[in-house]
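Asker: mind looking at a prediction? Sequence and model below.
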Amino acid sequence: MKKGLTFVVLISFLVYSLFGCSTEPSTKHLDKYDDRVFADLAMYQSSRDSVYRAAVFGLQQKGYVITLSDPQTGLISGEVQSAQPLAEELKAAKMSEEPSNGNILIAILGIVFLFGIIAWLASSNKEKEKRSRNEPPYADAPTGTKILSYKYVVSLTLAAVDSASAEVRISAIRTSFENGSVTGSGLMENKYLNYVIFEAIQRQLETAK
């Protein structure tokens with residue numbers, strides 16, 4: 001019925017406002033990078049060939065599909081597609097938000113809103129539903145559904161420092177889609193993403209020893 005549907009929608013909105021979307025990936029594992037400065041270059045104490053192999057395996061281990069691999073130039077590119085933003089992007093967004101004052105205000109408004117819903121339901125409890133059987137039950141519902149998706153392309157450039165060490169520079173591009181159409185694309189400067197990839201390469205080097 002209309003009243004029950006409205007109640008469910010309002011409660012769902014309240015829960016989302018207070019607690020956020022529970023389907024978002026966890027960002028807890030990224031907390032260790034909070035105090036680190038942005039870096040897009042990392043040095044490794046291994047030969048260029050070893051670092052190159054570790055970079056390829058490291059990207060794959062993080063879920064990236066390798067789309068370019070050129071050992072001669074030291075270029076590697078991988079991409080991943082997702083129905084929601086990566087955890088690294090969500091973490092960066094959370095860190096850039098205002099401190100808890102805004103969340104406290106939302107919580108207070110949410111409580112007031114909840115009492116308003118209860119009062120509204122109590123006052124309209126005796127009303128009878130008069131909707132005609134021939135009227136569509138969801139006449140006001142949106143006819144189109146937005147399907148959002150994201151593509152992340154990570155590019156690595158390797159260079160030998162000497163015979164026993166090499167450096168890796170990282171860059172990333174984020175493209176957003178709505179129903180298959182591009183809605184935005186640009187360079188993604190995200191320290192969390194960079195450090196995750198750098199550590200994945202380091203783990204591959206340690207495993208190969």
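Answerer: Right, received. Where do you want to start? Numbering: from 1, shown residues only.

Asker: next one: A200 from A42, what distance?
Answerer: Separation of A200 from A42 (Cβ to Cβ, to the nearest Å) stands at 11 Å. In short, each C-beta sits where N, CA and C put it, glycine included.

Asker: where does the chain have low pLDDT?
Answerer: Low-confidence segments of the chain, defined by pLDDT under 70: 1-24, 98-143.

Asker: which residues touch the helix or strand hosting F57?
Answerer: Per DSSP states H and E, F57 falls inside helix 48-61. Residues from elsewhere that reach helix 48-61, judged by Cβ atoms under 8 Å, 6 or more residues apart in numbering: 44, 46, 66, 69, 71, 74, 76, 78, 154, 156, 158-160, 166, 168, 197, 200-205, 208.

Asker: L59 - how many residues pack around it?
Answerer: Per other Cβ atoms under 10 Å, the neighbour tally for L59 reads 24.

Asker: now A160. Nearest residue, chain neighbours left out?
Answerer: Excluding its sequence neighbours, the residue lying closest to A160 (Cβ to Cβ, 6 or more residues apart in numbering) is R48, at 4.0 Å.

Asker: make that E189, sorry
Answerer: F38 (6.8 Å).

Asker: the one you found: what secondary structure?
Answerer: coil (DSSP: H, G, I helix; E, B strand; the rest coil).

Asker: next, count neighbours for it.
Answerer: 10.

Asker: I figured G63 hits Q81, correct?
Answerer: No: applying Cβ atoms under 8 Å as the test, G63 and Q81 come out as separate, 9.7 Å apart.

Asker: identify each buried residue in stretch 161-177, please.
Answerer: Buried residues in stretch 161-177, counted by 16 or more other Cβ atoms under 10 Å: A166, E167, V168, I170, A172, R174, T175, F177.

Asker: ok, now stretch 56-68?
Answerer: For stretch 56-68, by 16+ other Cβ under 10 Å, it's V56, F57, G58, L59, K62, Y64.

Asker: close enough to count as contact, K191 and D35?
Answerer: No: using Cβ under 8 Å, K191 makes no contact with D35, being 10.5 Å away.

Asker: fine by me, thanks again.
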